Each structure stands twice: as C-alpha cells, then as structure tokens.
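Asks: attaching a predicted model along with its sequence, questions to come.
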Amino acid sequence: MKTIIHRFFLTDHLFNSKVTDSTSEVIKQALVDGESAKTIKRGTLLVGIALAIITSLLMTSCSPAPKEETKTLSQEALIARGKYLTTVGSCNDCHTPKIMTPHGPIVDTTRILSGHPQNDPIPPAVQTQDWVMFGNDFTSAVGPWGMTFSANLTPDDTGIGSWSFEQFETAIRKGKYKGLEGSRDLLPPMPWEMYRNYTDEDLRAVFAYLKSLKPINNLVPSPIAPGDLTFAGN
C-alpha cells in the first residue's frame with residue numbers, strides 16, 4: 001500500500017506540482033482500502049485458526065479412549081502381595097503355632113501357617129454354653145460345633161502341597177473342606193464367609209504365597225464332634 005501511495009505522489013509531482021483536493025481524496029481512499037484489506041486478512045486468519053481448533057476437538061472427542069493396560073505382577077510381586085494379604089487378614093492368628101511368653105503367645109516363625117501341631121496333647125474341653133474357647137496357642141477352638149483344629153497351609157503333602165488353585169478357590173469361595181465339591185463345610189472359627197470377598201487376583205496372590213512357604217510335615221487332627229468331646233471335671 002505504501003508503494004502505491006509513493007508511486008501516486010511521484011506521478012502527480014511530475015504532472016502537477018500542486019496537490020489537488022481530488023488527489024487528497026484518492027490518497028485517503030487508498031489508505032482506507034489498505035486498512036480494510038488488513039482487517040479482512042486478520043479476520044480470515046482468525047477464522048482459519050478457529051476452524052482448525054474446532055476440527056481438532058471434534059477429532060479428539062470422536063477418537064476412542066485409550067485402553068488402560070492391565071499390569072501383570074511378576075511371581076515375586078505376586079508372592080509379596082499374598083504375604084501382605086495373609087498378614088493383614090490375620091491368617092497367622094489361627095494357622096501358626098505360638099510360643100508362650102510372659103506377655104502372652106507370639107507367632108512361632110519356624111512353623112508359619114503349619115496349623116495345629118499334631119503332637120500337642122489335646123486337653124479336655126471346658127463345658128459351657130456361654131463361651132467359645134480357644135486353646136492356649138489359638139490353633140484349636142471349642143464351641144457348639146465341637147472341637148476344631150486349624151489346617152496346615154504349607155505346600156507339604158499334609159497341607160496344600162497337592163492342591164490346585166481351583167481347589168483353593170472352592171475352599172475359600174464355597175467353604176468346602178480341602179476345596180472339594182461335595183465335601184463337608186469348613187467349620188468355625190474359619191471365617192471363609194469374609195475371605196470369599198477377595199478378588200480373583202487377591203486369591204491368586206495368597207495361593208502363590210502359601211505355595212512359596214517352607215513345607216512343614218504336620219498332619220493336623222480331625223475335628224471332634226460335640227458328642228465325642230471329653231470335658232474337664234467329668
């Protein structure tokens with residue numbers, strides 16, 4: 001635009017040394033036209049940018065959301081997870097023998113989750129209808145169901161050494177003895193009704209941890225029915 005005005009002045013100077021009114025009007029109109037062209041160019045640029053942004057947003061909204069990747073735990077991480085779950089789930093409270101101290105029983109770390117010791121004498125039960133009672137290391141219990149003994153959960157043949165994951169799942173989800181369909185129900189105080197709420201991933205982690213334990217040969221006694229109990233004082 002400046003070039004046009006400059007050329008106009010040069011031409012006018014050559015033919016007429018005095019700038020006329022009509023010349024001024026032409027200059028003004030040229031300036032107006034130049035500003036209009038700039039305005040149109042800016043407007044066109046803004047419209048183009050706006051269309052590009054809208055197109056980008058529409059394409060993004062129409063694109064499927066990226067799928068979250070499912071992380072598969074390593075065997076080491078799976079075992080660590082299982083150890084955590086059995087610890088906070090208090091499995092050691094009943095399934096691990098204890099050592100009696102002046103401050104009470106503590107977990108015997110040499111016999112983790114090996115169940116009620118097979119060689120421990122079974123003391124007479126205390127006859128009462130008002131209490132559920134535990135043995136001195138919490139691996140045995142007496143109640144209306146009779147006397148029960150906590151199971152060996154180590155991967156020994158006397159424990160869960162031959163168990164498949166499906167058996168373990170049946171034991172926890174359905175409360176079935178040895179995880180076998182058609183077997184008797186698990187007896188109190190085993191809280192399988194609570195543990196059945198574990199996710200499949202949690203169950204697999206717990207099973208992996210139990211299978212990683214040191215196998216301990218310990219054949220836990222069978223439950224004693226109420227009518228077969230020997231009571232103290234009788």
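Replies: Ah, there it is. Residues are numbered from 1 along each chain as shown.

Asks: rest of the way, CA atoms for contacts and neighbours
Replies: OK.

Asks: break down the chain into its strands, ranges please.
Replies: 98-101, 104-107, 133-134, 140-143, 146-149 (DSSP state E).

Asks: where in the chain is pLDDT low?
Replies: 1-48, 50-70, 234 (pLDDT under 70).

Asks: roughly how far does L78 sit from L113?
Replies: Per C-alpha to C-alpha, to the nearest Å, L78 is found 18 Å from L113.

Asks: more neighbours, these two?
Replies: L113 (28 against 20; other C-alpha atoms under 10 Å).

Asks: is the more buried one in contact with H95, as I believe?
Replies: Yes - the pair L113 and H95 qualifies as a contact (C-alpha atoms under 8 Å) at a distance of 4.7 Å.

Asks: got any residues that touch both of these two?
Replies: Listed as contacting both L113 and H95 by C-alpha atoms under 8 Å, 6 or more residues apart in numbering are 152-153.

Asks: if we can go back for a sec, for the strands of the chain, give me a markdown table that also has distance to Q167 and mean neighbour count.
Replies: Formatted as a markdown table, the strands of the chain follow (distance: least, C-alpha to C-alpha, whole Å; neighbours: other C-alpha atoms under 10 Å):
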| stretch | distance to Q167 | mean neighbour count |
| --- | --- | --- |
| strand 98-101 | 28 | 14 |
| strand 104-107 | 27 | 14 |
| strand 133-134 | 28 | 17 |
| strand 140-143 | 24 | 22 |
| strand 146-149 | 20 | 22 |
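
Asks: redo those strands as TSV? Include distance to T170.
Replies: Compiled in TSV, these are given as follows (distance: least, C-alpha to C-alpha, whole Å):
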stretch	distance to T170
strand 98-101	28
strand 104-107	28
strand 133-134	26
strand 140-143	23
strand 146-149	20
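
Asks: L73 is nearest to which of those strands?
Replies: In terms of C-alpha to C-alpha, the element of these nearest to L73 is strand 104-107, at 29.0 Å.

Asks: residues touching that closest one, excluding its own?
Replies: Contacts for strand 104-107 (C-alpha under 8 Å, 6+ apart): 92-93, 96-100, 136-137.

Asks: closest to D156 out of these?
Replies: Distances from D156 to those, taken by C-alpha to C-alpha, are shortest for T96, at 14.8 Å.

Asks: so how far is N197 from the closest one?
Replies: Counting by C-alpha to C-alpha, the gap from T96 to N197 is 23 Å.

Asks: for the two, indicate the residue with more neighbours.
Replies: The neighbour comparison of T96 against N197 (other C-alpha under 10 Å) goes to T96, with 27 against 12.

Asks: I'd assumed K214 was in contact with D157.
Replies: No - judged on C-alpha under 8 Å, D157 makes no contact with K214 at a distance of 12.0 Å.

Asks: now distance to S150 too, for the contacts of strand 104-107, in JSON lines please.
Replies: Output for the contacts of strand 104-107, formatted as JSON lines (distance: C-alpha to C-alpha, whole Å):
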{"residue": "N92", "distance to S150": "10"}
{"residue": "D93", "distance to S150": "10"}
{"residue": "T96", "distance to S150": "8"}
{"residue": "P97", "distance to S150": "9"}
{"residue": "K98", "distance to S150": "12"}
{"residue": "I99", "distance to S150": "16"}
{"residue": "M100", "distance to S150": "18"}
{"residue": "N136", "distance to S150": "13"}
{"residue": "D137", "distance to S150": "11"}
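
Asks: where exactly do the helices run in the protein?
Replies: According to DSSP state H, the chain carries its helices in the segments 2-15, 21-62, 75-88, 91-95, 165-174, 192-195, 200-212.
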